[in-house]
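In: give the three-dimensional model of this entry:
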Amino acid sequence: MAIVVVTGTGTEVGKTVATAAVAAASLAQGLSVAVLKPAQTGLSGAEPGDAAEVARLAGEVTAAELARYPEPLAPATAALRAGAETVGPEDIAEAAAKLAAVHDVVLVEGAGGLLVPYDAKGSTLADAAALLHARVLLVATSGLGTLNATALTAEALQTRKIGCLGVIIGSWRADPDLAERCNLADLPGAAGAPLLGALPEAAASLSPEAFRAAAPSWLSPQLGGTWDAASFAMAYAPPPFAAVSGDA
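Out: As a prediction, this is how the structure comes out:
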């Protein structure tokens, strides 16, 4: 996979846990892995950030962070308010390339969605992906609204001629509703890319040992796992439509 940029259809969709799962599956294959968080927002001081959480769950990865801002805002706004330097796409691309020179896999986890601004020029994670000629792994939610958000992100990637590696569902409930079941079949079409995994909603609460052991079962072979999209969709296939009749 070399360098893969991980983004989401929005905030709180499971990007960090998905990144950790891919890292764990790669490590299980004997690959060396680095995780780069260009801009960590909402934290200050020595508090562990997303890159540290990936390392906690996945294991022996190189965790790198370029900038940290205390307020939970878009990186450009958070940097401005903190009076701190911003991180541009060139900075991200340079750091990722250096990590790629000494690691088999580099996962670049963005902040929020694909087009969140990182600097005063409005540069985004998409600009960094374009500089790196990297493909993007998209993390999406499973419920209502995900098809629109996924399609918009996919269109933004296509417009910029950036390849989408596939989609991971960041949190899959044990008892999915009708919309979630139907979205299993519809998400690949919305993304124009295959469904490559589904993480259980409680994945982040597992012990690191249990997380590492289970991670390959959540991801497709393309990401180093054993998960099969067709079998998963069949297991959660929605019931047939039943028309409701009534008196005229």
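In: residues making contact with stretch 223-233?
Out: Counting contacts by C-beta atoms under 8 Å, 6 or more residues apart in numbering, the residues outside stretch 223-233 that touch it are 1, 22, 25-26, 28-29, 31, 137, 166, 184-185, 188, 194-198, 215-220. C-beta coordinates here come from the backbone N, C-alpha and C atoms, glycine included.
In: and that stretch, what's buried?
Out: Buried residues in stretch 223-233, counting neighbours by 16 or more other C-beta atoms under 10 Å, are found at Leu223, Gly224, Gly225, Trp227, Ala229, Phe232, Ala233.
In: same thing with stretch 153-171?
Out: 153-154, 156-157, 162, 164-171.
In: out of these, which sit inside helices?
Out: Assigned to helices by DSSP state H, the following of the buried residues of stretch 153-171 qualify: Thr153, Ala154, Ala156, Leu157.
In: which ones are touching the third one?
Out: For Ala156, the set of contacting residues under the criterion of C-beta under 8 Å, 6+ apart consists of Leu114, Leu115, Ala126.
In: burial count for the first one?
Out: When you say that, I think you mean Leu114. For Leu114, the neighbour count with other C-beta atoms under 10 Å is 23.
In: and the residue lying closest to it once chain neighbours are set aside, what does it touch?
Out: Excluding its sequence neighbours, the residue lying closest to Leu114 (C-beta to C-beta, 6 or more residues apart in numbering) is Thr7, at 4.7 Å. By C-beta under 8 Å, 6+ apart, Thr7 lies in contact with Lys15, Gly110, Gly113, Leu114, Leu125, Val136, Leu137, Leu138, Val139, Thr153.
In: can you check Arg212 too?
Out: Ala24, Leu27, Ala28, Leu57, Ala58, Gly59.
In: now pLDDT, neighbour count and distance to His103 too, for those, in CSV please.
Out: Formatted as CSV, the contacts of Arg212 follow (pLDDT from 0 to 100; neighbours: other C-beta atoms under 10 Å; distance: C-beta to C-beta, whole Å):
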residue, pLDDT, neighbour count, distance to His103
Ala24, 98, 26, 15
Leu27, 97, 20, 11
Ala28, 96, 16, 15
Leu57, 98, 24, 18
Ala58, 97, 27, 13
Gly59, 96, 18, 14
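In: and the helix-or-strand element of the chain with minimal mean pLDDT, how far out from the chain middle?
Out: None of the helices or strands of the chain scores lower by mean pLDDT, DSSP states H and E than helix 229-235, at a mean of 93. Relative to its parent chain, helix 229-235 has a centroid offset of 21 Å by C-alpha atoms, centre = their mean, to the nearest Å.
In: alpha carbons of that helix, as CSV, please.
Out: Extracted as CSV, the C-alpha positions of helix 229-235 are listed here (Å, rounded to 0.1, in the frame of the first residue of the first chain):
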residue,chain,number,x,y,z
ALA,A,229,-17.9,-7.9,1.8
ALA,A,230,-20.3,-10.2,-0.1
SER,A,231,-20.7,-12.6,2.8
PHE,A,232,-21.1,-9.7,5.3
ALA,A,233,-23.8,-8.1,3.1
MET,A,234,-25.6,-11.4,2.8
ALA,A,235,-25.6,-11.9,6.5
